[in-house]
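S.K.: Sequence below, structure please.
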Amino acid sequence: MTPTPTGRLVGRDLVLTRTFRAPIDDVWASVTEPERTARWFGPWTGEAGPGRTVRLTMGLEDGAPACDLRIDACEPPHRLAVSMIDALGHWRMTLDLTERDGVTELRLTHHLDETADPADVGPGWEYYLDNLVAARAGEPLPRFGDYDPSLRPHYAGLSAA
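M.R.: The predicted structure is shown next:
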C-alpha cells in the first residue's frame, strides 16, 4: 500500500481529515467507545467525561504501552478534545465531526508544541486514521512501515498556512 499524505499545518496545528459515508453518531462511537477504539487505536478504561482521565492502552504499538488520557472537552457527537503525556512528550488533540447529507467528516487537529516536528507526528496520525477507515470497513489494518518513513518528506516540507 502507498498511503497518500493529507495533513496540513495551520499555525502550529497539524490538521488531518477523513470522510465517512456514515451518520455522525456512528463515527462518534468509533472514536469514543472503548471496544471500537480498540479495533484501530487501542482500548481505554475508566470513567469518561470532561475533566476526567481514562487509561489508554496503545494496542498497536510495540509492547502496548499505556498512558493517562485526559478528556479536556466532550461535546457528543461533534467534538472531543484530549491531552496526554507519554515518553515522547505532551500531546493535545481535538477531533471535530460534522455531518452533511449522511456523510461525516472527521477533522483531527494535533496541537503541536513548540518543539514538535510535524515529520515525527504526521505519518503516525495518517496510519491511525487509515486504521480507523479500515476498521470501519471491516478490512485489514495497514502496516505502519508503509507510512514511516515514506510520508516524512511531506510533513518535513510543511509550512504554516
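
S.K.: Can you name the residues in contact with stretch 111-131?
M.R.: Residues lying outside stretch 111-131 but in contact with it, judged by CB atoms under 8 Å, 6 or more residues apart in numbering, are 3, 5-7, 9, 12-14, 16, 18, 40-41, 60, 89-90, 92-94, 106, 108, 110, 141-142, 144, 146-156, 158. C-betas here are computed from N, CA, C, even on glycine.

S.K.: Buried residues in that stretch, which are they?
M.R.: Counting neighbours by 16 or more other CB atoms under 10 Å, one finds that the buried residues in stretch 111-131 are 111-112, 116, 118-119, 121-131.

S.K.: same deal with stretch 73-91?
M.R.: Using 16+ other CB under 10 Å as the test for burial, stretch 73-91 gives C74, P77, L80, A81, V82, S83, M84, W91.

S.K.: Restricting to C-alpha, output that stretch in CSV.
M.R.: Provided in CSV are the C-alpha atoms of stretch 73-91 (Å, rounded to 0.1, in the frame of the first residue of the first chain):
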residue,chain,number,x,y,z
ALA,A,73,-13.8,18.6,26.3
CYS,A,74,-16.5,16.3,25.2
GLU,A,75,-19.5,17.5,23.1
PRO,A,76,-21.2,14.5,21.6
PRO,A,77,-21.3,13.8,18.7
HIS,A,78,-19.3,16.8,17.5
ARG,A,79,-16.2,17.5,19.5
LEU,A,80,-13.7,15.7,21.6
ALA,A,81,-10.5,17.3,23.0
VAL,A,82,-7.9,15.2,24.8
SER,A,83,-4.4,15.5,26.2
MET,A,84,-1.8,13.1,27.3
ILE,A,85,1.8,12.9,28.4
ASP,A,86,3.9,9.9,27.4
ALA,A,87,7.5,9.1,26.8
LEU,A,88,7.5,11.2,23.6
GLY,A,89,6.1,14.3,25.1
HIS,A,90,2.9,16.3,25.8
TRP,A,91,0.1,15.7,23.2
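
S.K.: Residue numbering should commence at 54 henceforth.
M.R.: Let's use 54 as the start, then, which means that last one is stretch 126-144.

S.K.: Buried ones from the contacts of stretch 164-184, can you make that a ChimeraX selection?
M.R.: Buried members of those can be picked out in ChimeraX with the line below, counting by 16+ other CB under 10 Å:
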select :56,58,59,60,62,66,67,69,71,93,94,113,145,146,147,159,161,163,194,195,197,200,201,204,205,207,208,211
